[in-house]
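A.B. asks: Coordinates for the following, if possible.
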Amino acid sequence: MNTPTLPLPQQKRLRAHFAFTGLPFRKGVAANAMFDSTSQRELRHGLVLWLELDGLALVSGPPGVGKSICLRRFVDDLPDDRFAVHRVGQIPTTPNGFLRALCRHVGLRPRLHAADMFDDLQATLRGHRDARGTHPVFVLDDAEGMRVPTLDLVRRLTAADLDGQHHVSILLSGTEQLVRTLQDPQLEPLCGRFAYTHALRSYGLEDAKNYVRFHLEAAGGSGTLFQDRAVTAIFHASGGLPRRINQLALQALVEAVVRGVDGVDEALVKRVIHAHPLYRT
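C.D. replies: This next block holds a predicted model:
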């Protein structure tokens, strides 16, 4: 969940003004220190059960809803002696580039022709458990840029052998753009193979209030620094998206320091929203 990072002098002023020991609503929170929303807990639980099924999984949701950090926590919790996890970011859009990226992840030297790389990769994945004692899992994050021919390779890689075993598990994660691409008629065989799907939801009001309180207290501040009606205003303006909550809450803290006040009320938040070029209507 990316959020604007303040220059160091402003960070120090914010911390001094509110007696913070760290910066709240910051970018790059460790996965094990993330706020646990209801939808995120449901997702992680579902993914653990999915690994008992193997095969394909799909996670979708709007930008800023927290897909990536939730998947990081899921991956961090997996036992290394059972799973070999490969997180693939900035996925190449062409089939050839995609196969090259996967080959590098499993230690294969990329070949000139896509067909040769595919055969090498499939053979390696088939023998992975016997050779290395672990089950390979690919997490393809930010997959909304993948094209139909590249997505069809995912289906082919997870196609079951005659023995009915799944030798690799692949998780696709992306925005609604990925879901729209998957609706292409050519990908109907792929869509029929998803063993688990989850659409990550935005926060409800109660989760949003707990989220703001969580970040304030994690930064050493008071959980009541934002009045309830102020958080409600942030919730409605942000649509419950954590990244947008971060953005507006941090902006409100800056505004409070500029005005020399010790808390954030509804009026201050509404001024911030009205003045913000990305939120005002």
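A.B. asks: If you drop the residues flanking it in sequence, what lies closest to the residue most central in space within the chain?
C.D. replies: Of all residues in the chain, the one closest to the mean position by CA atoms, centre = their mean is residue 68, 1.5 Å from it. Nearest residue to residue 68, sequence neighbours excluded (CB to CB, 6 or more residues apart in numbering): residue 141, at 5.7 Å. Glycine gets a C-beta too; all of them are placed from N, C-alpha and C.
A.B. asks: That neighbour contacts residue 90, correct?
C.D. replies: No. The pair formed by residue 141 and residue 90 falls short of the contact definition of CB atoms under 8 Å, at 9.2 Å.
A.B. asks: intersection of neighbour lists for these two?
C.D. replies: Shared between the contact lists of residue 141 and residue 90 (criterion: CB atoms under 8 Å, 6 or more residues apart in numbering) there are no residues.
A.B. asks: Of the two, which one has the most company?
C.D. replies: Neighbours around residue 141 and residue 90, counted as other CB atoms under 10 Å, are more numerous at residue 141. The numbers are 20 against 8.
A.B. asks: Check that one and give its pLDDT.
C.D. replies: pLDDT, residue 141: 94.
A.B. asks: Check which residues of stretch 273-281 are buried.
C.D. replies: Residues residue 273 are the ones in stretch 273-281 that count as buried (16 or more other CB atoms under 10 Å).
A.B. asks: tell me what the helix or strand where the residue nearest to the centre of the chain lies is packed against?
C.D. replies: When secondary structure is defined using DSSP states H and E, the element that contains residue 68 is helix 67-76. On a contact count with 3 or more CB pairs under 8 Å, 6 or more residues apart in numbering; DSSP states H and E, helix 67-76 meets helix 38-53, strand 83-88, strand 169-174.
A.B. asks: tell me which residues in that helix are buried?
C.D. replies: Burial within helix 67-76, assessed by neighbour count using 16+ other CB under 10 Å, is assigned to 67, 68, 69, 70, 71, 72, 73, 74, 75.
A.B. asks: Likewise for stretch 53-70?
C.D. replies: Applying a neighbour-count criterion of 16+ other CB under 10 Å, the buried positions in stretch 53-70 are 54-70.
A.B. asks: Identify the residues contacting the residue nearest to residue 68.
C.D. replies: For residue 141, counting by CB under 8 Å, 6+ apart, the contacting residues are 67, 68, 71, 87, 88, 89, 173, 174.
A.B. asks: Which parts of the stretch 51-200 of the chain are strands?
C.D. replies: Defined through DSSP state E, counting those that start in this stretch, the strands belonging to the stretch 51-200 of the chain, from first to last, are 55-60, 83-88, 135-140, 169-174, 194-199.
A.B. asks: Isn't the residue nearest to the centre of the chain up against residue 142?
C.D. replies: Yes. Applying CB under 8 Å, one finds residue 68 in contact with residue 142, separated by 7.5 Å.
A.B. asks: shared neighbours of these two, which are they?
C.D. replies: By CB under 8 Å, 6+ apart, the residues touching both residue 68 and residue 142 are residue 173.
A.B. asks: Reformat the strands of the stretch 51-200 of the chain as JSON lines; add distance to residue 100.
C.D. replies: Below are these laid out as JSON lines (distance: least, CB to CB, whole Å):
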{"stretch": "strand 55-60", "distance to residue 100": "21"}
{"stretch": "strand 83-88", "distance to residue 100": "11"}
{"stretch": "strand 135-140", "distance to residue 100": "14"}
{"stretch": "strand 169-174", "distance to residue 100": "17"}
{"stretch": "strand 194-199", "distance to residue 100": "25"}
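A.B. asks: Tell me where the model's unsure across the stretch 101-250 of the chain.
C.D. replies: For the stretch 101-250 of the chain, residues meeting the criterion pLDDT under 70 lie at 160-165.
A.B. asks: for it, what spans make up the helices?
C.D. replies: Taking DSSP state H, counting those that start in this stretch, the helices of the stretch 101-250 of the chain run over residues 114-126, 128-132, 148-158, 176-182, 188-191, 205-218, 228-238, 242-259.
A.B. asks: Select, out of these, the one closest to residue 270.
C.D. replies: Between residue 270 and those, the tightest spacing by CB to CB is seen for helix 228-238, at 5.8 Å.
A.B. asks: circling back to that earlier point, for residue 195, find the nearest of the helices and strands packed on helix 67-76.
C.D. replies: Counting by CB to CB, residue 195 lies closest to helix 38-53 out of the helices and strands packed on helix 67-76; the figure is 4.4 Å.
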